[in-house]
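K.L.:
Mind looking at a prediction? Sequence and model below.
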Amino acid sequence: MTERAGLYVHVPFCLTRCGYCDFNAHAGLDHLKSPYVGALMREADTASGEWADVSFASIFLGGGTPTTLPPGEIARLVRHLRGRFRVDAEAEVTSEANPDTVDASSLAALREAAVTRVSMGVQSFDPAVLASLERIHSGDSARRAYAHAREAGFDDVNLDFIYGARGETIESWRRTLEEAVTLRPEHLSCYALTIEPGTPLGAKVASGEVPPPDPDLQAAMFELACEMLAEAGYRHYEVSNWALPGRECIHNLGYWEGRPYLGLGAGAHSYRNRRRWWNVRPPARYIELARAGSSPLGGGERLSEADERLERVLLGVRSAQGLPAGEVSADAAGELVDRGLARLERDRLTLTERGMLLANEVVLALSP
């Protein structure tokens with residue numbers, strides 16, 4: 001049986017770098033875009049032999065902001081990947097996008113390039129919240145970008161949101177959710193703002209210049225999202241992800257189900273056969289190594305059977321399908337059920353909505 005996998009491509013370029021972001025993303029490196037695409041294709045050439053026996057169910061262009069690349073470069077890259085790997089004819093091909101990096105023309109070009117899905121970083125429709133997050137787009141530009149995606153023929157659109165930023169109220173979050181539901185995207189991702197060390201926002205919180213997010217308010221916002229999105233027909237299929245029936249993200253499901261994945265690009269991670277490895281992070285260094293035909297490997301590790309089993313449990317429990325009850329101790333499962341954090345149905349352990357809210361606590365309870 002052919003192994004199925006996901007293909008992730010990291011594009012590290014952004015118009016600006018938001019203060020909360022700890023991804024491998026960079027502004028002001030436009031001069032590296034063309035050589036970077038060339039390096040990605042060279043890395044694909046090098047990696048293709050080891051993955052010749054794998055069928056790829058998805059391609060995901062993430063970042064950064066992939067749509068800072070010219071549409072023609074994205075089309076050239078997707079064609080090259082399909083030529084080097086066994087990509088399913090009906091594979092899900094996603095590109096992340098920020099509203100100010102796309103228009104009617106560029107989205108039409110993406111659709112023509114066989115990109116099947118757009119994941120748009122809206123974050124909020126509230127101008128004050130967008131300013132707090134240092135986002136350069138407006139609610140109006142997000143609305144226009146969404147309309148242009150529909151006009152271009154995209155029938156699979158995800159909207160990303162962040163809740164709990166400084167100045168956001170429960171009513172502001174409710175209005176954002178109401179508008180999101182009215183637009184009717186196939187998929188919604190809602191993430192609680194987290195403060196990451198080493199980011200500008202992290203430094204401001206550490207110095208006391210900015211207060212940290214209120215965990216009680218974020219919990220109320222999560223519960224409101226669960227309630228409103230369920231009423232609108234969205235299925236809560238992973239802690240931070242909702243989809244209309246049958247429109248779950250194939251690529252992300254691969255991570256939660258423990259399928260192998262190949263990562264191309266600066267800082268990209270890969271996983272297969274209990275081995276995980278990752279590329280060097282600096283884009284210029286990545287380009288130098290990949291173009292020279294050298295491995296851009298930055299590091300790696302091999303998981304023990306126990307490590308792999310634990311990861312399978314900790315990833316599987318985050319999704320609505322849960323995991324076989326036999327994967328965890330009866331005592332741990334029973335305690336979670338008694339506390340209302342999980343349920344046992346047909347010999348599978350799945351989280352309740354409250355369990356998803358307290359997913360980190362559940363993970364600790366299931367860890368040795």
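P.N.:
Perfect, thanks for sending it.
K.L.:
can you count the residues close to residue 272?
P.N.:
Neighbour count for residue 272, taken as other CB atoms under 10 Å: 16. Using the backbone N, CA and C atoms, a C-beta is placed for each residue, glycine as well.
K.L.:
quick one: it and residue 6 touch, right?
P.N.:
No. Contact criterion CB atoms under 8 Å: residue 272 and residue 6 do not qualify, at 10.8 Å.
K.L.:
Find residues that contact each of the two.
P.N.:
Residues touching both residue 272 and residue 6 (CB atoms under 8 Å, 6 or more residues apart in numbering) are 260-262.
K.L.:
Show me those that map onto strands.
P.N.:
261-262 (DSSP state E).
K.L.:
Going by neighbour count, list what's buried in stretch 276-291.
P.N.:
For stretch 276-291, the neighbour count (16 or more other CB atoms under 10 Å) marks 276-281, 283, 286-287, 289-291 as buried.
K.L.:
from the chain's centre, how far out does it sit?
P.N.:
Distance of stretch 276-291 from its chain centroid, counting by CA atoms, centre = their mean, to the nearest Å, is 21 Å.
K.L.:
Stretch 87-96 now?
P.N.:
Mean-position distance between stretch 87-96 and its chain equals 15 Å (CA atoms, centre = their mean).
K.L.:
Could you do stretch 145-161 as well?
P.N.:
17 Å.
K.L.:
Endpoints of it, how far apart?
P.N.:
15 Å (CA to CA, to the nearest Å).
K.L.:
next one: stretch 133-146
P.N.:
Taking CA to CA, stretch 133-146 runs 20 Å from one end to the other.
K.L.:
which residues sit against it?
P.N.:
Stretch 133-146 has contacts (CB under 8 Å, 6+ apart) with 15-16, 18-20, 97-100, 102-103, 107, 120-127, 130, 157, 159, 162, 165, 183, 185, 193.
K.L.:
which residues in this structure form helices?
P.N.:
For the chain, helices defined by DSSP state H occupy the ranges 33-48, 71-84, 104-112, 127-132, 139-151, 170-183, 200-207, 215-231, 250-256, 283-291, 305-316, 330-338, 353-357, 359-366.
K.L.:
any chance of the ones you listed in CSV, plus distance to residue 347 and mean pLDDT?
P.N.:
Formatted as CSV, the helices of the chain follow (distance: least, CB to CB, whole Å; pLDDT from 0 to 100):
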stretch, distance to residue 347, mean pLDDT
helix 33-48, 39, 97
helix 71-84, 39, 96
helix 104-112, 43, 97
helix 127-132, 43, 94
helix 139-151, 41, 97
helix 170-183, 35, 98
helix 200-207, 43, 92
helix 215-231, 25, 97
helix 250-256, 19, 95
helix 283-291, 45, 97
helix 305-316, 14, 87
helix 330-338, 11, 90
helix 353-357, 18, 91
helix 359-366, 17, 83
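K.L.:
Could you take these and lay them out as a markdown table, with extra columns for distance to residue 268?
P.N.:
Below are the helices of the chain laid out as a markdown table (distance: least, CB to CB, whole Å):
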| stretch | distance to residue 268 |
| --- | --- |
| helix 33-48 | 9 |
| helix 71-84 | 13 |
| helix 104-112 | 21 |
| helix 127-132 | 28 |
| helix 139-151 | 25 |
| helix 170-183 | 29 |
| helix 200-207 | 23 |
| helix 215-231 | 30 |
| helix 250-256 | 13 |
| helix 283-291 | 9 |
| helix 305-316 | 18 |
| helix 330-338 | 34 |
| helix 353-357 | 28 |
| helix 359-366 | 25 |
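K.L.:
ok and the strand ranked longest in the chain relative to helix 104-112, angle-wise?
P.N.:
In the chain, with assignment by DSSP E, the single longest strand is strand 86-97. Angle of strand 86-97 versus helix 104-112, following axes from the mean of the first three to the mean of the last three CA atoms, to 10 degrees, is 160 degrees.
K.L.:
and the residue nearest the centre of the chain, what is it in contact with?
P.N.:
Nearest residue to the geometric centre of the chain (CA atoms, centre = their mean): residue 252, 7.0 Å. Listed by CB under 8 Å, 6+ apart, the contact set of residue 252 reads 238, 241.
K.L.:
The one 4 residues further on now?
P.N.:
For residue 256, the contacting residues are 238, 315-316, 318-319, taking CB under 8 Å, 6+ apart as the criterion.
K.L.:
measure it to residue 68 for me?
P.N.:
Separation of residue 256 from residue 68 (CB to CB, to the nearest Å): 28 Å.
K.L.:
Could you find the closest non-adjacent residue to residue 365?
P.N.:
Counting by CB to CB, 6 or more residues apart in numbering, residue 365 lies nearest to residue 332, which is 5.7 Å off, once chain neighbours are set aside.
K.L.:
Looks like residue 36 contacts residue 287 (just checking).
P.N.:
Yes. With contact defined as CB under 8 Å, residue 36 reaches residue 287; the gap is 5.7 Å.
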